[in-house]
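*Asks:* From the sequence below, what's the structure:
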Amino acid sequence: MPVRLNTIPDAESYPAPPARIKWLSALLLMLSVGVAITSLFASDELAKNGPYFWGLACGVPAFIWSLVCSVRRQVFITQHIRADAWNLRREEVILQETRRGRRALQILSFSVQTALNGDSVAETITAFLARQQVLNTYADLRGEDTVRRSVIPVLTNKPVTGRLSEIISRLFIDIRPQLFLLPPDFHINVLLEIDAPLSGASVRTIWQDEWQKAGLPEARLFSAPEPGLAAVDDWLDNFIQEKAVLLVISVRLEPKNPERTAESATALLLANRLTQTALTPLALLHRPERITDTEMMASGIAQALDWMPVQPDAISGMWTAELDREQRAALLSLNQPFAQEALMYELDAFLGRSGPAAPWLSVAVATLAAIQSQHPQLTLSGVQGGHYSWATVVSPFVSPQEAS
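*Replies:* Predicted coordinates for the structure are as follows:
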């Protein structure tokens, strides 16, 4: 469930205390009226009896004034207590929701494969930071025309089943060491988001075969309410206390309409900060913020930054993927350092549009950059076929000793 601090009702205003001057003026007025009425209607005997006369002339108005004053004071105290209780509860809710919003997942291991992969991690991140253009001309799948796209250089002349098996196998090789270092009582949940011209059953069969070949610990498939970073949002709300990890496997191979598209494969091993202490994380993935329309771009990104929290000028890289024209224009209109050309890395421009793999690809590349620069990175990824986007911060892990 998204954290929405702006939906929390406003604080209750405290009632104004009774005005002393007005109430004292009212007392004097009532005493004057009491004396006037008593003098006008009092008998001669009453007028001669001074104590009784003044007791009646001033005592009755004073009693009525005291009674009304007591009721007014009681109303004021009740309203004050009610406002105090409301505001106290409101502060508790804000604190609770802020803590929930600032939950983050550890990135224990990751692997990314694109056309930009080099022989080493250093070469790969250098290629991304240089915005190396890899959109090349290829024959389409039918061999009838040519298209500009980027491909993963793995078995490009083989059927998609063979390519997918080999790519998943390579992802498993990269994350395998960390999986075996997990405590034995931890559950491994696997989220498969694979966009390829294969049936879901075929994809699951390939995953199971490669998992068994790699000799990895027992795992179970995890289903998210929505694709993309909604899975992280859901996990942070419902599974943050569990002794479990979330392994995201995101692959895009041979899209149906390949023009200006990118093949990509990403594996992210995510763990809960509250329960996982055996392994040192590489980075932290902070709660993603859903931006429902372009008018909410500024406030949505500001909220994503606050979930770390981090100031805008501390962001050293902005990684975007799968944004439409309106979303891109809204981002460029922001008067923020990360929205300037020097710090913006538009994966669509030099790698190609990554479709449903965009959120995970941008997070993986941002993780590379965060580790290399030791500065927080911001990602903004659109949802293919949707009209919203996700913003999230990836920060390098800082040990308590380093922080102090």
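
*Asks:* where does the stretch 51-200 of the chain dip in pLDDT?
*Replies:* 51-57, 139-144 (pLDDT under 70).

*Asks:* brain fart, the stretch 251-400 of the chain
*Replies:* 399-400.

*Asks:* how about a cut-off of 90?
*Replies:* Counting by pLDDT under 90, the ranges of the stretch 251-400 of the chain that qualify are 256-258, 293, 335, 341, 383-387, 398-400.

*Asks:* Leu216 is in contact with Pro177, isn't it?
*Replies:* No - in terms of CB atoms under 8 Å, Leu216 does not count as a neighbour of Pro177; the distance is 10.9 Å. Where you see a C-beta, it was placed from the backbone N, CA and C, and this is true even at glycine.

*Asks:* What segments of the stretch 151-300 of the chain are helices?
*Replies:* 160-181, 200-213, 230-238, 297-306 (DSSP state H, counting those that start in this stretch).

*Asks:* Over to the stretch 301-404 of the chain?
*Replies:* So, for the stretch 301-404 of the chain - with DSSP H, counting those that start in this stretch - the helices run 325-332, 347-350, 358-373, 400-403.

*Asks:* Leu216 and Pro177 - which one has more neighbours?
*Replies:* Leu216 (17 against 9; other CB atoms under 10 Å).

*Asks:* Next up, the contacts around that one.
*Replies:* By CB atoms under 8 Å, 6 or more residues apart in numbering, the contact list for Leu216 reads 172, 176, 179-180, 188.

*Asks:* and if we set it to 6 Å?
*Replies:* Leu216 makes contact with Leu179 under the criterion CB atoms under 6 Å, 6 or more residues apart in numbering.

*Asks:* Return the distance of it relative to Phe239.
*Replies:* Leu216 is 20 Å from Phe239, where distance means CB to CB, to the nearest Å.

*Asks:* what about Phe180, how many neighbours?
*Replies:* Counted with other CB under 10 Å, Phe180 comes out at 10.

*Asks:* With Leu332 instead?
*Replies:* Counted with other CB under 10 Å, Leu332 comes out at 12.

*Asks:* With adjacent residues omitted, what lies nearest to it?
*Replies:* Of all residues not flanking Leu332 in the chain, Ala339 sits nearest, at 6.0 Å (CB to CB, 6 or more residues apart in numbering).

*Asks:* Does Lys243 touch Pro184 like I think?
*Replies:* No - applying CB atoms under 6 Å, one finds Lys243 not in contact with Pro184, separated by 10.1 Å.

*Asks:* Let's see the pLDDT reported for Ile37.
*Replies:* pLDDT recorded at Ile37 is 69.
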